[in-house]
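1. the sequence and its predicted three-dimensional model are supplied below.
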Amino acid sequence: MSASLIDGKARAAALRAAVTTAVSDLKAASGVTPGLAVVLVGDDPASQVYVANKVRQTAECGMRSIEHRLPADTPEAELMALIAHLNADSEVDGILVQMPLPGHIDTDRVVMAIDPAKDVDGLHPANAGRIVLGKPGLVPCTPQGCVILAREARGGDLSGLDVVVLGRSILVGKPVALLLQNANCTVTMAHSRTRDIPELCRRADILVAAVGRPEMVRGDWIKPGATVIDVGINRVPAPDKGEGKTRLVGDVAFEEAKTVAGAITPVPGGVGPMTIACLLANTVVAACRRRDLVVPQM
Ligand code: NAP
């Protein structure tokens, strides 16, 4: 058996197209142009690439893109003052502070300072709490992308399915487990202290791997026909490509897994592209909710 590929690139492109239409409709009906402010502190090369992509895609969807680049030695108080300014700016609907922040800045304090109504990364405890309560809020982007892809693979309804989520981080594992529970799945979360993870995984109709361990999940851990969502992004040496070269792999041994699974996300090209698309969708959601407008279907 060979699994079908869950094409995150294509799904993300479709979501961006829906966001573009929603933005255009919003402008026409209410004169509102959603605005996303992205704040980058320091010059981490990976963060610079992420921010450049976010800024470009925000503009491509017809939204207002506001970019703030601060030097690495920016005092925490200065960053907090900028966030207060963005919170108060009525033209800004979403605020994203690119992580990781330099070591002298308290990340938790920064996240707490963002107005929960503009927290398009879904990291503020008010939004995390809304997921726990099953109430509408701003949902973290990567977990949201995982659920969209799982629905895509399963034809929409996930009710009653057995799910195993590997990883319990605040960024990925916990929210994805809660979102899938809210979608009426029966969810088991596993982590570094869990006993017999392979056996646990073999019961999963949907397996979400978010551990950051290259190719940890082997083919014989997977239930035949299962949906595998691989969140991991790991850079490993690739001597076959030449001296010092590397390649990206997920947390799942893809070549083994694809012979057993029913559907699987590739790495790259699976969950990764969904993250920015969900950020853009969240900005439209925030723009509508802040003005008591109906949130469009995207
Ligand atoms: P993290 O904060 O390091 O959390 C890793 C989780 O995996 C922890 O809960 C840890 O358990 C668990 N774990 C680690 N080793 C394990 C093992 N051998 N067996 C079982 N559980 C184990 O990582 P994260 O931020 O959640 O990210 C996970 C992966 O997703 C990384 O590869 C990251 O690069 C990737 N990621 C991708 C995207 C995207 O857009 N596609 C976005 C975010 C993250 P304990 O809690 O017990 O320590």
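-> Looks like it arrived, so ask away. Numbering: from 1, shown residues only.
2. in the longest helix along the chain, what's buried?
-> Determined from DSSP state H, the single longest helix within the chain is helix 8-30. Neighbour counts over helix 8-30 (16 or more other CB atoms under 10 Å) mark 8, 11-12, 15-16, 18-20, 22-23, 26 as buried. Backbone N, C-alpha and C define where each C-beta goes, glycine included.
3. can you name the residues in contact with it?
-> Contact partners of helix 8-30, identified using CB atoms under 8 Å, 6 or more residues apart in numbering, comprise 32-34, 57, 60-63, 145, 148-149, 152, 265-266, 269-274, 276-278, 280-281, 284, 287-288, 291, 293, 296-298.
4. what about it, average pLDDT?
-> Summarised as a single mean, pLDDT over helix 8-30 is 98.
5. what do you get for stretch 285-298?
-> 96.
6. state the helix or strand in which residue 37 lies.
-> strand 35-41 (DSSP states H and E).
7. in its sheet, what does that strand sit against?
-> If you go by DSSP bridges, strand 35-41 pairs up with strand 64-70 (parallel), strand 94-97 (parallel).
8. state the mean pLDDT of that strand.
-> Averaged across strand 35-41, pLDDT comes to 98.
9. also stretch 139-154?
-> In the prediction, stretch 139-154 has an average pLDDT of 98.
10. from the middle of its chain, how far away would that stretch be?
-> Chain-centre distance of stretch 139-154: 8 Å, with CA atoms, centre = their mean, to the nearest Å.
11. pull the residues that contact that stretch.
-> Outside stretch 139-154, the residues touching it (CB under 8 Å, 6+ apart) are 4, 6, 8, 11-12, 15, 120-123, 127, 131, 157-158, 161, 171-172, 175-176, 179-180, 183, 206, 208, 227, 229, 231, 262-263, 265, 270-271, 274-279, 282.
12. which residues touch residue 221?
-> Taking CB under 8 Å, 6+ apart, we find residue 221 in contact with 197-198, 201-202, 207.
13. residues making contact with stretch 50-61?
-> By CB under 8 Å, 6+ apart, stretch 50-61 touches 16, 19-20, 23, 36, 38, 40, 64-65, 67, 69, 96, 98, 276-277, 279-280, 283.
14. same question for stretch 257-267.
-> 1-6, 8, 149, 153, 217-220, 222-230, 232-233, 248-250, 252, 254, 270-271.
15. count of neighbours near residue 276?
-> 20 (other CB atoms under 10 Å).
16. could you name the helices and strands sitting against the strand or helix carrying it?
-> Residue 276 is part of helix 272-290 when elements are defined by DSSP H and E. For helix 272-290, the packing partners by 3 or more CB pairs under 8 Å, 6 or more residues apart in numbering; DSSP states H and E come out as helix 8-30, strand 35-41, helix 45-60, strand 94-97, helix 141-154.
17. what angle sits between it and strand 35-41?
-> 130 degrees (axes from the mean of the first three to the mean of the last three CA atoms, to 10 degrees).
18. contact residues of the protein facing the ligand?
-> With CB under 6 Å from any ligand atom as the criterion, the chain meets the ligand at residues 142, 166-169, 171-173, 190-194, 197, 210-213, 231-234, 271-272, 275.
19. could you pick out the buried ones from the residues you listed?
-> Buried members of the residues of the chain next to the ligand, counted by 16+ other CB under 10 Å: 142, 166-168, 171-173, 190, 197, 210-211, 231-234, 271-272, 275.
20. domains of the chain?
-> Domains of the chain are assigned by automatic domain parsing as 30-115, 141-273.
21. compute the first-to-last residue distance for the longest one.
-> End-to-end span of domain 141-273 (CA to CA, to the nearest Å): 10 Å.
22. what's the answer for the first one, then?
-> Using CA to CA, the end-to-end distance of domain 30-115 comes to 23 Å.
23. and what of stretch 122-138?
-> Stretch 122-138: ends 5 Å apart by CA to CA.
24. in stretch 193-206, what's buried?
-> 197, 200-202, 204-206.
25. what residues does it touch?
-> So stretch 193-206 is contacted by 150, 154, 158, 161-164, 166, 180, 185, 188, 190, 207, 217-218, 220-223, 226-229 (CB under 8 Å, 6+ apart).
26. dump that stretch to CSV, keeping only the CA atoms.
-> Extracted as CSV, the C-alpha positions of stretch 193-206 are listed here (Å, rounded to 0.1, in the frame of the first residue of the first chain):
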residue,chain,number,x,y,z
ARG,A,193,8.0,9.8,29.9
THR,A,194,5.3,7.8,28.1
ARG,A,195,5.8,4.0,28.2
ASP,A,196,5.7,2.0,25.0
ILE,A,197,5.1,4.7,22.5
PRO,A,198,5.2,2.4,19.4
GLU,A,199,2.3,0.3,20.8
LEU,A,200,0.3,3.4,21.6
CYS,A,201,0.8,4.8,18.1
ARG,A,202,-0.4,1.5,16.5
ARG,A,203,-3.9,2.3,17.9
ALA,A,204,-4.1,5.7,16.3
ASP,A,205,-6.4,6.5,13.4
ILE,A,206,-4.6,9.9,13.3
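27. perfect, I'm done here.
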